[in-house]
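Enquirer: I'll drop the sequence and a predicted model, then ask my questions.
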Amino acid sequence: MAKRPVLAALLASPRPQGHSASLLAAFLKPLRSSWDIRFFHLSALTIKPCLGCNRCIQTKTFRCFRRDAFPKLLAAWDQADALVLSAPVYFYGFPAQAKAVIDRCHPLFHDSHWTKHIRRPGYFLANCDAAARSEFKVITSEARAFMNTIAFEYAGDLLVPGMSNRDAKVRLARACLRAQSLGRTLGRKGMTE
């Protein structure tokens, strides 16, 4: 029996059952039977913030001395054949819990393991209350940089504005169908590799 490809699925919302979770669940639906999905709700993990001490770089370990759940994420990213990240927009960027995870990736810029790692597909799902698509400019830039740092190539996204409008339920239902389609796209890639 062939080994199933591994997908690292990151929920970057503090709400375990909010819009971001719905989009992620829809993305994962067509992959459940054929992929080994490693799910992480970032807000449920203890991730201490970066102190900017640079001890990780000075010691050339490229690992933080702080003890928390971050090494579990590193191991999952290293083993994954693909990644999906789902997040709400908080003040143009990521929620604090996700930002802490991203900040902890600082030493990976200097770690040859990650800079020379094979690039795998990464997908980004985001939603926000505002109606303007321009609200996604900062968070998509951060998502691209984050994925690049952990050796994923930004392969596609789904950006859903207007989630505070009266038609939010309809918007979410339509967006979930598009997320499912994006998941199927990844599924087809995984089957051909």
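Expert: Alright, I've got the coordinates.
Enquirer: my guess is Cys176 contacts Leu24, does it?
Expert: No: look at Cys176 against Leu24 with C-beta atoms under 8 Å: they stay out of range, at 9.8 Å. (Glycine included, C-beta is placed from N, CA and C.)
Enquirer: tell me which of these two has more neighbours.
Expert: The neighbour count for Cys176 versus Leu24, taken as other C-beta atoms under 10 Å, is higher for Leu24 (26 against 21).
Enquirer: surely the more buried one and Leu7 touch.
Expert: No: the criterion here is C-beta under 8 Å, and Leu24 misses it with Leu7 at 11.0 Å.
Enquirer: the helices in this protein, which residues?
Expert: 19-28, 55-58, 70-79, 96-103, 112-115, 137-149, 168-192 (DSSP state H).
Enquirer: and of those helices, who's closest to Phe39?
Expert: helix 19-28 (8.0 Å; C-beta to C-beta).
Enquirer: need the contact partners of that closest one.
Expert: Under the criterion C-beta atoms under 8 Å, 6 or more residues apart in numbering, residues 7, 9, 11-13, 15, 37, 84, 86-88, 123, 125-127, 158, 160, 163, 172, 175-177, 179-180, 182-183 lie in contact with helix 19-28.
Enquirer: between the helices of the chain, which gets nearest to Pro49?
Expert: Relative to Pro49, the nearest member of these by C-beta to C-beta is helix 96-103, separated by 4.8 Å.
Enquirer: orientation of that closest one relative to helix 70-79 in degrees?
Expert: Interaxial angle of helix 96-103 relative to helix 70-79 (axes from the mean of the first three to the mean of the last three C-alpha atoms, to 10 degrees): 60 degrees.
Enquirer: nearest residue to the middle of the chain?
Expert: The chain has Leu85 as the residue nearest its centroid, 2.3 Å off, counting by C-alpha atoms, centre = their mean.
Enquirer: go ahead and confirm that one touches Ala143.
Expert: Yes: the criterion here is C-beta under 8 Å, and Leu85 meets it with Ala143 at 6.3 Å.
Enquirer: need the overlap of contacts for the two.
Expert: With C-beta under 8 Å, 6+ apart as the test, Leu85 and Ala143 both reach Phe124.
Enquirer: rewinding a little: JSON lines for the helices of the chain, including distance to Lys3 and mean pLDDT?
Expert: Formatted as JSON lines, the helices of the chain follow (distance: least, C-beta to C-beta, whole Å; pLDDT from 0 to 100):
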{"stretch": "helix 19-28", "distance to Lys3": "19", "mean pLDDT": "98"}
{"stretch": "helix 55-58", "distance to Lys3": "32", "mean pLDDT": "93"}
{"stretch": "helix 70-79", "distance to Lys3": "11", "mean pLDDT": "96"}
{"stretch": "helix 96-103", "distance to Lys3": "27", "mean pLDDT": "96"}
{"stretch": "helix 112-115", "distance to Lys3": "22", "mean pLDDT": "90"}
{"stretch": "helix 137-149", "distance to Lys3": "23", "mean pLDDT": "97"}
{"stretch": "helix 168-192", "distance to Lys3": "11", "mean pLDDT": "90"}
